[in-house]
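Engineer: Sequence and predicted model, in that order:
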Amino acid sequence: MKAILDMRWFYILGFLFVGFNVYYIYKGDLILNAIPIGLLLIYAAIYHMDKLFLFMVMFTPLSINIEEFVGGSIGLFIPTELILFMILLIVFCQFLMKNQFDIAFLKHPITIIFTVQLCWIFVTSITSELPLVSFKFLLTKLWFIIPIYFFGYTFFKNEKNIYWFIWLYIASLAIVVLYTLTNHAMYGFDEETGHWVMWPFFKDHTSYGAILALIYPILFGFLFGRKNSALVQITLVFLIVLFGFGIIMSYTRAAWLSLLAALIIYLLIRFKVRFKYLMALGGVVLVYVALSWTQILHSLEKNNAEHATENMDERIESIANITTDASNLERLNRWSCAVRMWEQRPILGWGPGTYAMVYAPFQLASGMSIISTNSGNRGNAHSEYLGPLSEQGLPGMILMIVLVGYIIYTGITLYIRMPDGDMRMIVMVLLLGLITYFIHGILNNYLDTDKATVPVWGFTAIIVMLDLKYKKAARKNKQTNLNQ
């Protein structure tokens, strides 16, 4: 009898919900449709978090920032950030009830740096010029880092999940590339329209180019680094051509540079060039630059090459144009503002996430370009390193540099000691992908978006998991040899 009454209440509530929903749809309001979707996501987060995580990865390249449509200051990438927030809550509850993380993982230097970084963001949010903005920034960091890096570490212990993660992201990104190139073709692949044809999936061509460069080394690794069926090989060749054309047509000079740098680093690792030789070469280069600085500046001032040209050589030359190239001049303007902001608040900065709101008074008339603005609507500091310097003080920038340096160091040392095989190839291509982004990060910053954060911290979690796994394997082999 009780079961029948329970079912009656279920049907009554269901009938009422459908009735109210029909009424609101008739009025043009779709808000109630979010309730069943939300309940489904909550169920998946509790009982099938691994599948929900992969669902989030698959939709990351296809996510849309609702700020582009509703205006105002509500910046939220859907559906990815909603899912990440749910995973954050579940991971936090599980950690309180039962710590599911290995002690070795919690003691790993990268985990410690992440933790210190989040704590410093919390401190500088308290002292922020705009505390509400900064605590919102902190919350965003939490639902990016904890689900992707902390949960990702546990998720990637099943090595099949590594392939699922990478392939789902690539497949979804391929859809965006096809969409972008199709739109671009309608305008004759000209440079001006190449800045926005990836909308609404990417805000502009620079973020789009950065993510394509991040993924590009992986395609080559999968093609040449492991045995595949003929169908997979053909698919990889197609993706390499597609993504390569996408990178060229993105007109993102920083992406081209980052790929060249990644190739050079790969050759250095591949041919086992000793670190002391690199240090010696670096010293020679620094001495040369110091002695020739006046001549170098004179040459740069004479460079009038523009990136808005059909000539590829001139596009490449325009990277060093600091005289007439508006994009370069504006980047220098933003960097200069970041340094002046730091000079006023060297330790605590102006507050995480506040750069766009407070940098305008720090602009000098002599440093502004034709695209400069005081409204903060054209991006932020354009650097993953100078941004934290202005917002979180010198400790913020140091923590970011140390984090990037230790990720690269861990990836290189892990690759060197791993046995040959698919996982060793995975480490190399993920490392190269991360290097493209961290080099790109000198000129732009996108770690406040899901497009960059999901692969960057996901790849980092994979490297940390394999680092700990092969340390344990090495200790086990050593102990076995001692016992024999």
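Structural biologist: The structure has been received and is ready for your questions. Residues are numbered from 1 along each chain as shown.

Engineer: pLDDT score assigned to the closest residue to residue 441 other than its chain neighbours?
Structural biologist: Using C-beta to C-beta, 6 or more residues apart in numbering and skipping the chain neighbours, the partner closest in space to residue 441 is residue 384 (3.4 Å). (Each C-beta comes from the backbone N, C-alpha and C, glycine too.) The model reports residue 384 with a pLDDT of 96.

Engineer: Give the helix, strand or coil label for residue 384.
Structural biologist: Here residue 384 is recorded as coil under DSSP: H, G, I helix; E, B strand; the rest coil.

Engineer: Could I get the contacting residues of it?
Structural biologist: By C-beta atoms under 8 Å, 6 or more residues apart in numbering, the contact list for residue 384 reads 400, 404, 438, 441-442, 444-445, 447.

Engineer: State the helix or strand in which the residue lying closest to residue 435 once chain neighbours are set aside lies.
Structural biologist: Nearest in space to residue 435, with sequence neighbours left out and distances taken as C-beta to C-beta, 6+ apart, is residue 262 at 4.8 Å. Assigned by DSSP states H and E, residue 262 falls within helix 253-270.

Engineer: likewise residue 110?
Structural biologist: helix 109-126.

Engineer: Determine the number of other residues adjacent to the residue nearest to residue 435.
Structural biologist: 24 (other C-beta atoms under 10 Å).

Engineer: picking that back up, mind listing what's buried in the helix holding residue 262?
Structural biologist: Buried residues in helix 253-270, counted by 16 or more other C-beta atoms under 10 Å: 253-259, 261-262, 265-266, 269.

Engineer: What mean pLDDT does it get?
Structural biologist: The average pLDDT for helix 253-270 rounds to 92.

Engineer: now it, how far from the chain's geometric center?
Structural biologist: Remark: helix 253-270 is offset 18 Å from the chain centroid, using C-alpha atoms, centre = their mean, to the nearest Å.

Engineer: where does the stretch 201-350 of the chain dip in pLDDT?
Structural biologist: Within the stretch 201-350 of the chain, the segments meeting pLDDT under 70 span 275, 278, 281-282, 285-286, 288-324.

Engineer: residue ranges of the strands in it, please?
Structural biologist: With DSSP state E, counting those that start in this stretch as the definition, the stretch 201-350 of the chain shows no strands.

Engineer: in it, which spans are helices?
Structural biologist: Under the criterion DSSP state H, counting those that start in this stretch, helices of the stretch 201-350 of the chain are mapped to 205-224, 230-249, 253-270, 275-291, 293-301, 312-317, 326-344.

Engineer: and those, which is most packed in?
Structural biologist: Stretch with highest mean neighbour count among the helices of the stretch 201-350 of the chain: helix 205-224 (a mean of 24; mean count of other C-beta atoms under 10 Å).

Engineer: which residues touch the residue nearest to residue 435?
Structural biologist: Counting by C-beta under 8 Å, 6+ apart, residue 262 has contacts 213, 217, 432-433, 435-436, 439.

Engineer: Looking at those residues, which is nearest residue 85?
Structural biologist: Closest to residue 85 out of the contacts of residue 262 is residue 433 (26.0 Å), distances taken as C-beta to C-beta.

Engineer: Count the neighbours of the closest one for me.
Structural biologist: Neighbour count of residue 433, defined by other C-beta under 10 Å: 25.

Engineer: what's it in contact with, if anything?
Structural biologist: Residue 433 is in contact with 214-218, 262, 455, 459, counting by C-beta under 8 Å, 6+ apart.

Engineer: contacting residues for the closest residue in space to residue 88 that isn't next to it in sequence?
Structural biologist: Distances taken as C-beta to C-beta, 6+ apart put residue 143 closest to residue 88, at 4.4 Å, once the chain neighbours are dropped. By C-beta under 8 Å, 6+ apart, residue 143 lies in contact with 81, 84-85, 87-88.

Engineer: Columns distance to residue 175, neighbour count and pLDDT on top of these, output as CSV?
Structural biologist: Shown next, in CSV, are these (distance: C-beta to C-beta, whole Å; neighbours: other C-beta atoms under 10 Å; pLDDT from 0 to 100):
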residue, distance to residue 175, neighbour count, pLDDT
81, 20, 22, 90
84, 21, 26, 91
85, 25, 19, 89
87, 24, 24, 88
88, 27, 21, 90
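
Engineer: for those residues, which one is nearest residue 117?
Structural biologist: Among these, and counting by C-beta to C-beta, the member closest to residue 117 is residue 88, at 16.5 Å.

Engineer: how far away is the closest one from residue 49?
Structural biologist: Separation of residue 88 from residue 49 (C-beta to C-beta, to the nearest Å): 11 Å.

Engineer: Same check on residue 343?
Structural biologist: As judged by C-beta to C-beta, residue 343 and residue 49 stand 45 Å apart.

Engineer: Phi first, then psi, for the residue nearest to residue 201 when sequence neighbours are not counted.
Structural biologist: Of all residues not flanking residue 201 in the chain, residue 176 sits nearest, at 4.8 Å (C-beta to C-beta, 6+ apart). Taking degrees, to the nearest 10, you get phi -60, psi -40 for the backbone angles of residue 176.

Engineer: Same check on residue 348?
Structural biologist: Main-chain torsions, residue 348, degrees, to the nearest 10: phi -100, psi -20.
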